[in-house]
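Novice: dropping a prediction and its sequence here:
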Amino acid sequence: MFDPTAFENIKVVVEGAIYDRDLDGEILVIDRNDIVNLSKMSRKYTVSFHLRQSGSQGIFAVISINSELENLAAELLENQPQHLAGCAVDISFHFRNKNDEKTFAGIHHILTSIWGSERTVTQRIEADPFVEEETVANTAFVSFNRLVLEDHIEDLSDMVEYMVTSLKKLGELILNHS
């Protein structure tokens, strides 16, 4: 019998932490994907959720766990670099916000204060250049700039906690700047 891969172990921990909060009534899972790409021998697992009380605000979070062929090979084959035996974890927050620099700076400040300055926080906005709107669709990303290894598995529950905190703080900011 084979041991589960790092991807499987990380996925189970993240899934458990998220669904525990869903069952407790704090969040609501709104989407889930578990994809195996046979052409590239890769895996991707995503879960999207929002706070139960803020569902109408349209703010939701996504956690994505990705494992490529090189990550699986590092785990299963001898003479492979062990530092590749993990997964990429990406966090994103999706919402509409006021199209002004102060709001964008506030979003960056909130996410940096929650996730730490060693993480990279970026924002991507979408707007129709031919339609003048006060708000824009924003996706804010938190990047870890490293693989998450099985040694970090205990930190994954904290990640879910940080995501929930981020949703609360972003909701407050957007509500106050609308």
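Specialist: Arrived safely, thanks for sending.
Novice: what strands line up against whichever strand in the chain runs longest, and which way round?
Specialist: With residue count as the measure and DSSP state E as the assignment, the chain has strand 86-98 as its longest strand. Using DSSP bridges, the strands paired with strand 86-98 are strand 60-67 (antiparallel), strand 135-143 (antiparallel), strand 148-149 (antiparallel).
Novice: next, format those strands as a markdown table and append mean neighbour count and mean pLDDT.
Specialist: C-beta here means a position set from N, CA and C on the backbone, and glycine is covered the same way. Shown next, in a markdown table, are these (neighbours: other Cβ atoms under 10 Å; pLDDT from 0 to 100):
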| stretch | mean neighbour count | mean pLDDT |
| --- | --- | --- |
| strand 60-67 | 21 | 98 |
| strand 135-143 | 18 | 97 |
| strand 148-149 | 18 | 92 |
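Novice: between those, which gets nearest to E75?
Specialist: strand 60-67 (9.1 Å; Cβ to Cβ).
Novice: helices or strands up against whatever helix or strand comes next after that closest one?
Specialist: Going down the chain from strand 60-67, the next helix or strand is helix 69-76, by DSSP states H and E. Helix 69-76 is packed against helix 6-23, with contacts defined by 3 or more Cβ pairs under 8 Å, 6 or more residues apart in numbering; DSSP states H and E.
Novice: buried residues, the helix it packs on. List them.
Specialist: When burial is assessed from 16 or more other Cβ atoms under 10 Å, helix 6-23 yields the following buried residues: A6, F7, I10, K11, V13, V14, E15, A17, I18, R21, D22.
Novice: mind giving me JSON lines with the strands paired with strand 86-98 and columns for distance to T103?
Specialist: Formatted as JSON lines, the strands paired with strand 86-98 follow (distance: least, Cβ to Cβ, whole Å):
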{"stretch": "strand 60-67", "distance to T103": "18"}
{"stretch": "strand 135-143", "distance to T103": "9"}
{"stretch": "strand 148-149", "distance to T103": "30"}
